[in-house]
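Student: quick one: sequence plus predicted model below, questions after.
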Amino acid sequence: MGDNNNYDYFNEYGLCPSWALSLGYMGVAAGAVLSNWGSAWGTWKAGVSLLNTGIRHPGSVMKNVIPIVMAGVIGIYGLIVAVILGGNIPSPTVGTNVNVYSIYTGMAHLSAGLCCGLSGLAAGGCIGIIGDYGVRSVGYRTSNISVVFSTDKGGGFDGEEEGAGGGGDENKLFVGMLIMLIFSEALALYGLIVALIVSQHSYPCE
C-alpha cells in the first residue's frame, strides 16, 4: 500500500505530473504557429513589393517570386516539427489513467518547438525585408530608374547618372539578393535541425 502511495506521489509531484502533457502540446503549438507567422510575414512583405514592381515591369515577376517561395518553405519546417512532436506525446494509460509523459520529455518538446518556431519567425522576417527591398531594387534597375536622389537638377530621381540605365546591373542585384535570401533561409534550417535532435530526448514514466 505504501508503494502505491509513493508511486502516486512521484507521478503527481515528481517527474511525471499530470500537467506535463501541456508542455509538449505547447511545443507543438509554438513550432507550428511561430513558423507560420514568420512564413506569413515574409510572404506579405515580399509579395507586396512583387506586385508593386510587376505593374511597371511584368516580365520580372516570375524571377522575383523566389523570396515568396522561400518564405513559404519556413511554414513546412514548423509543420514537420509539430507533427513529430505530436506523434511522440503518449496518452495516459487506459484504465488506470496513469500519466507516462515526464517533465523532462515535455521540456524537451517545448524547447524543440520554440527553437524551430522562433528561428522560423526570425528567418521569415529577414526574408520578407530583404525581398521587399531587393525586388524593388531589381525592378528599378530593370525599368532604367535610378534611386539616387539628385540635388543639382531640382530634386527627384536622376536616371542619367553613370550606371543608371540598367545594362545588366539588375542581374548583379538579383544575385546579391539571392545570396542574402539563402543565408536567411539557413536560419530556419538551423532551428529545424536542432529541434529534430532535441525532440528525441525523452524520459518515460514507468
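Tutor: Now that the structure is in, tell me what you want to look at.
Student: next one: the residue positioned nearest the centre of the chain from Trp37, what distance?
Tutor: The centroid of the chain falls nearest to Gly120 when counting by C-alpha atoms, centre = their mean (1.9 Å). According to C-beta to C-beta, to the nearest Å, Gly120 and Trp37 sit 8 Å apart. Glycine gets a C-beta too; all of them are placed from N, C-alpha and C.
Student: same check, this time on Ile84
Tutor: Taken as C-beta to C-beta, the span from Ile84 to Trp37 is 19 Å.
Student: with Tyr104 instead?
Tutor: Counting by C-beta to C-beta, the gap from Tyr104 to Trp37 is 28 Å.
Student: what does Gly176 give?
Tutor: Distance from Gly176 to Trp37, counting by C-beta to C-beta: 27 Å.
Student: out of the two, which sits in the more crowded spot?
Tutor: Each of Gly176 and Trp37 has its neighbours counted (other C-beta atoms under 10 Å); Trp37 has more, 19 against 14.
Student: contacting residues around that one?
Tutor: Gly117, Gly120, Leu121, Gly124 (C-beta atoms under 8 Å, 6 or more residues apart in numbering).
Student: mark which of those are part of helices, please.
Tutor: Taking DSSP state H, the ones among these that sit in helices are Gly117, Gly120, Leu121, Gly124.
Student: which among the residues you listed gets closest to Leu51?
Tutor: If you rank the ones in helices among the contacts of Trp37 by distance to Leu51 using C-beta to C-beta, Gly124 comes first, at 18.6 Å.
Student: tell me which other helices or strands the host helix or strand of Asp132 touches.
Tutor: Using DSSP states H and E, Asp132 maps to helix 103-142. Helices and strands touching helix 103-142, by 3 or more C-beta pairs under 8 Å, 6 or more residues apart in numbering; DSSP states H and E, are helix 20-56, helix 66-87, helix 169-198.
Student: just the mean pLDDT for it, thanks.
Tutor: Confidence for helix 103-142, expressed as mean pLDDT, is 90.
Student: okay, buried residues for it please.
Tutor: Buried residues in helix 103-142, counted by 16 or more other C-beta atoms under 10 Å: 103-132, 134-142.
Student: and if you look at stretch 82-102?
Tutor: Buried residues in stretch 82-102 (16+ other C-beta under 10 Å): Ala82, Ile84, Leu85, Gly86, Asn88, Ile89, Asn99, Val100, Tyr101, Ser102.
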